[in-house]
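**Student:** Got a predicted structure here, sequence first:
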Amino acid sequence: DSGVTQTPKHLITATGQRVTLRCSPRSGDLSVYWYQQSLDQGLQFLIQYYNGEERAKGNILERFSAQQFPDLHSELNLSSLELGDSALYFCASSRGHDTGELFFGEGSRLTVL
Amino acid sequence: AQKITQTQPGMFVQEKEAVTLDCTYDTSDQSYGLFWYKQPSSGEMIFLIYQGSYDEQNATEGRYSLNFQKARKSANLVISASQLGDSAMYFCAMREGSDTGNQFYFGTGTSLTVIP
């Protein structure tokens, strides 16, 4: 158990809908990262938050947004969903200092029908 | 330029044999970390091994060792005595530090198949 909690684990929805993925980082970790992994693809970095503030943006679509709350949990909002958004979405956390690895949650598997 | 390069999309190894998965990285930072993660078919990302840029000894964790060649900017993963359960996707990653947090970069992965 990495200590990073993601909900829901599985989600099936229809095109055009909106979903929210939730992540609780490991206790004491200030950085939260979101990654998207489509079928047979590597991890695509979406966005990073550090202590409540956005710090880095990757290949995140405008239809997607995220935030990190004062209690450090984070949410990734995906709207106007398309078939191509079907993927495994990972949240990961790190201490935010100069040591340590990235701890991954189990992922949220999104299927858009 | 790619931060992390994994040039082997797929690898096969005989059970009980050793296998090396290649990884090269690109950074101008003096302080950085290198990681390997395993992703089995179930999907979770499992941390395997870590090497700090200032570590002089190669990292080892059980059957995993990281062959760190700083001048060549390579961080190959060596799995000894392969087991069927080692069949998975393997990702090399690098952490670069900053004042506001860490940036992590991942390679495209190597799919390892262990043959009985």
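**Tutor:** Noted; the coordinates are in hand.
**Student:** Just give the closest residue to the residue nearest to the spatial centre of chain A, not the sequence neighbours.
**Tutor:** The residue lying closest to the centre of chain A (C-alpha atoms, centre = their mean) is A:Trp34, at 3.3 Å. Leaving aside its chain neighbours, A:Trp34 sits nearest to A:Leu46 (4.2 Å; criterion: C-beta to C-beta, 6 or more residues apart in numbering or on different chains). (Glycine included, C-beta is placed from N, CA and C.)
**Student:** Give the burial count for the one you found, as a bare number.
**Tutor:** Counted with other C-beta atoms under 10 Å in any protein chain shown, the neighbours of A:Leu46 add up to 21.
**Student:** just A:Leu81 next, same as before
**Tutor:** Per other C-beta under 10 Å, the neighbour tally for A:Leu81 reads 20.
**Student:** Contact distance from chain A - what residues of chain B qualify?
**Tutor:** By the rule C-beta under 8 Å from any C-beta of the partner chain, the part of chain B lying against chain A is B:31, B:33, B:35, B:37, B:43-45, B:47, B:50, B:52, B:91, B:93, B:95, B:97, B:100-109.
**Student:** is the lowest-mean-pLDDT helix or strand in chain A up against chain B anywhere?
**Tutor:** None of the helices or strands of chain A scores lower by mean pLDDT, DSSP states H and E than strand A:53-57, at a mean of 87. Yes: contact of strand A:53-57 with chain B (C-beta under 8 Å from any C-beta) involves A:53, A:55-56.
**Student:** Neighbouring strands of that strand in the sheet, and parallel or not?
**Tutor:** strand A:44-50 (antiparallel) (DSSP bridges).
**Student:** Can you show me the CA trace of the longest strand seen in chain B as PDB?
**Tutor:** Longest strand in chain B, counting residues (DSSP state E): strand B:88-98. C-alpha atoms of strand B:88-98 as PDB (Å, rounded to 0.1, in the frame of the first residue of the first chain):
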ATOM      1  CA  ALA B  88       5.300  -6.500 -16.800                       C
ATOM      2  CA  MET B  89       5.900  -3.100 -18.100                       C
ATOM      3  CA  TYR B  90       8.900  -1.300 -16.700                       C
ATOM      4  CA  PHE B  91       9.300   2.500 -16.600                       C
ATOM      5  CA  CYS B  92      12.400   4.400 -15.900                       C
ATOM      6  CA  ALA B  93      11.900   7.800 -14.300                       C
ATOM      7  CA  MET B  94      14.000  10.800 -13.300                       C
ATOM      8  CA  ARG B  95      13.300  13.400 -10.600                       C
ATOM      9  CA  GLU B  96      14.700  16.900 -10.900                       C
ATOM     10  CA  GLY B  97      14.300  19.100  -7.800                       C
ATOM     11  CA  SER B  98      13.200  22.700  -7.600                       C
END
